[in-house]
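**Student:** Starting from these lines, generate the structure:
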Amino acid sequence: MDVIESGAKPTVIPPPHPFSYSQLCITIINQVAAVNGPALGGGLELAMSCNARVGTKNSVYGLPELKLGIIPGMGGTQRLPRLIGVATAVKVTLSGKPLPPSRVINLNVHVYTPDIDELVDHENPCTYLHGLYIFLRVIKPLTLPVSIISQASVHVISIQAKMAAKLGLLDQLVKKPKDLIPTAMKLVLAMASGAKPRRSALDSKGNLESPARANEAIDIARVKSRRKAKGTPHAAAYLQAVQVGVRKGGRAGLQEEVDQMTPLLREAPSAKALIHMFLATRLSPKVPGLQGVRPGRIKTVAVLGGGTMGAGIVALLLFKGYSVILKEINEKVLYAGVQRVVKTINSVIKRMKLPSMALEMGMRNLTPTTSYEDFNKCDLVIEAIIENIPIKQKVFADLEKSCRSDCILATNTSTLDIDVVGAKTKAQDRIIGLHFFSPAHVMPLLEIIRTNNTSKTTLATSIDFAKRIGKTAVTVGNCVGFTANRIFFPYGQAAAFLVDHGTDPYRIDDVLKKMVNMPMGVHEIGDLSGLDILAHVTKSYKTVMLV
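**Tutor:** This is a model prediction of the structure:
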């Protein structure tokens with residue numbers, strides 16, 4: 001499948017033979033995979049087809065295919081459950097998140113990252129991803145012909161090294177990359193001499209649970225996935241392949257894997273959409289005209305306003321290790337803002353089961369204030385106050401006087417014209433829009449709004465900052481509503497039209513959630529954002545559109 005160009009339809013290729021990687025296991029050659037870096041998707045699947053695996057602390061392992069609306073297609077649905085157990089494998093694969101090497105040791109493959117020219121036959125290149133290369137050694141310390149490696153395509157999964165070791169995915173974990181190949185060679189020789197058994201993950205039960213427990217884990221995962229992946233078939237297809245493998249054996253599971261994968265590749269709208277989203281996300285930071293522009297580094301950030309949005313931004317920045325100044329208009333409002341920050345951080349600590357000291361450690365980097373006294377230390381200021389142009393203009397004029405000449409001045413406005421906000425300053429080249437979405441510490445999207453006056457350095461630094469705080473940055477032009485709200489306007493207008501004609505708003509939201517699989521109804525969004533904000537946005541939009 002060609003996923004290079006998001007504008008083109010994916011090119012579907014015939015699915016690989018279900019036993020292609022299995023041919024590695026039936027050869028007399030002893031195979032060890034050495035991993036130093038990410039081994040994700042097909043990369044891990046190829047590694048699991050080998051007889052043993054060795055990794056460094058830098059290695060991570062995972063099967064992220066479900067994030068693209070498809071399933072592992074080269075044995076991952078069968079080998080991973082046998083190496084680390086059905087319950088863990090299902091959880092890891094459905095989440096698409098990586099595992100550390102300490103959890104995957106005993107994987108039976110050793111991976112390393114040599115110069116690609118050492119391994120790739122350029123006339124018949126091996127498909128590889130993210131620095132994973134399979135290194136095969138024979139009984140004698142001779143490298144196999146590259147063409148043998150080239151016959152197998154590679155995909156990838158993600159689990160951190162220590163976790164991988166604990167789970168049984170890795171046979172051995174080395175501390176230093178330089179020890180990777182020698183350790184792999186020792187394993188090869190140990191298998192050759194008979195001192196270590198030569199194993200095949202597919203034909204071994206390994207860490208596979210009893211059929212009853214395995215089926216129970218699959219059934220539980222199926223119930224959870226129906227809630228999280230509404231209207232999409234890939235989670236169910238993956239679980240079906242795993243279950244067939246548990247009930248009928250690994251080789252029957254391989255055939256089921258191919259049978260489930262084929263329709264996803266050929267006709268599933270969800271796969272096409274998720275692949276497009278993946279590609280668009282990867283392309284979004286690459287803004288034309290910024291090639292060669294070096295972004296500045298952000299270390300200290302000031303946030304003006306401790307309301308719901310401001311507190312969420314502050315909490316996010318504290319989690320990411322930034323020094324943060326929170327400014328409010330008076331002590332009473334400032335205290336309330338700090339309390340919101342504490343509440344937000346505590347909710348994350350509870351959800352992620354972090355130690356209670358995480359709150360204290362995070363709050364050490366927070367400086368609450370009611371003045372601009374320390375703003376000369378700031379590299380970035382984010383204004384998140386009331387949507388009122390005269391007030392914002394005064395604030396930005398004050399910021400220009402209080403901050404360094406290289407400090408970026410950003411507004412979190414969702415609709416207002418950025419040029420108008422900064423009209424009373426001489427710092428238009430440093431003014432930009434950073435529109436977070438509520439809750440700011442959770443939602444991944446960040447709209448970056450540039451004006452005709454925004455400098456390339458300001459824009460490049462903002463995009464780099466977004467990446468560092470874990471946001472998906474989308475750079476847009478300066479207009480009322482920007483991109484997100486302009487998309488939302490007709491959506492909300494259609495709902496309002498139905499209500500005007502007598503439809504119950506609760507029914508509208510219910511249909512959107514149950515039939516369209518939206519996570520939240522349009523009226524619930526209005527309640528969450530605040531009806532006063534919604535009314536203000538609507539007024540601003542109408543004013544501009546009627547001009």
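**Student:** which strands and helices sit next to the helix or strand E256 falls within?
**Tutor:** Element membership for E256 (DSSP states H and E) is helix 250-267. When contacts are defined as 3 or more Cβ pairs under 8 Å, 6 or more residues apart in numbering; DSSP states H and E, helix 250-267 sits against helix 76-84, helix 234-248. Any C-beta I mention is one placed from the backbone N, CA and C, and that applies to glycine too.
**Student:** ok, longest helix in the protein?
**Tutor:** Across the chain, the longest stretch assigned as helix under DSSP state H is helix 331-352.
**Student:** how distant is the helix or strand following it from the center of its chain?
**Tutor:** Later in the chain than helix 331-352, the nearest helix or strand by DSSP H and E is helix 357-363. Relative to the chain's own centre, helix 357-363 is displaced by 25 Å; criterion: Cα atoms, centre = their mean, to the nearest Å.
**Student:** Does anything pack onto the helix or strand just after helix 357-363? Which helices or strands?
**Tutor:** Scanning forward in sequence from helix 357-363 by DSSP H and E, the next helix or strand is strand 366-369. Counting contacts by 3+ Cβ pairs under 8 Å, 6+ apart, strand 366-369 packs against strand 323-327, helix 331-352.
**Student:** looking at the ones you listed, which has the lowest confidence?
**Tutor:** Looking at the helices and strands packed on strand 366-369, the lowest mean pLDDT belongs to helix 331-352 (a mean of 93).
**Student:** where does the stretch 151-300 of the chain dip in pLDDT?
**Tutor:** Within the stretch 151-300 of the chain, the ranges that satisfy pLDDT under 70 run 151-161.
**Student:** That one: helices as residue ranges?
**Tutor:** 161-167, 180-193, 211-228, 234-248, 250-267, 269-283 (DSSP state H, counting those that start in this stretch).
**Student:** can you give me the angle the fifth one makes with helix 234-248?
**Tutor:** Put plainly, it is helix 250-267. 160 degrees (axes from the mean of the first three to the mean of the last three Cα atoms, to 10 degrees).
**Student:** For helix 250-267, list the C-alpha coordinates in CSV.
**Tutor:** Provided in CSV are the C-alpha atoms of helix 250-267 (Å, rounded to 0.1, in the frame of the first residue of the first chain):
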residue,chain,number,x,y,z
GLY,A,250,-0.7,-20.4,15.1
ARG,A,251,-0.7,-21.5,11.5
ALA,A,252,-4.5,-21.4,11.2
GLY,A,253,-4.2,-17.9,12.9
LEU,A,254,-1.8,-16.7,10.2
GLN,A,255,-4.3,-17.5,7.5
GLU,A,256,-7.1,-15.8,9.5
GLU,A,257,-4.8,-12.8,9.8
VAL,A,258,-4.5,-12.5,6.0
ASP,A,259,-8.2,-13.0,5.6
GLN,A,260,-9.0,-10.2,8.0
MET,A,261,-6.3,-7.9,6.7
THR,A,262,-7.3,-8.1,3.0
PRO,A,263,-10.7,-6.3,3.2
LEU,A,264,-9.3,-3.6,5.5
LEU,A,265,-6.7,-2.8,2.9
ARG,A,266,-9.1,-2.9,-0.1
GLU,A,267,-12.3,-1.3,1.1
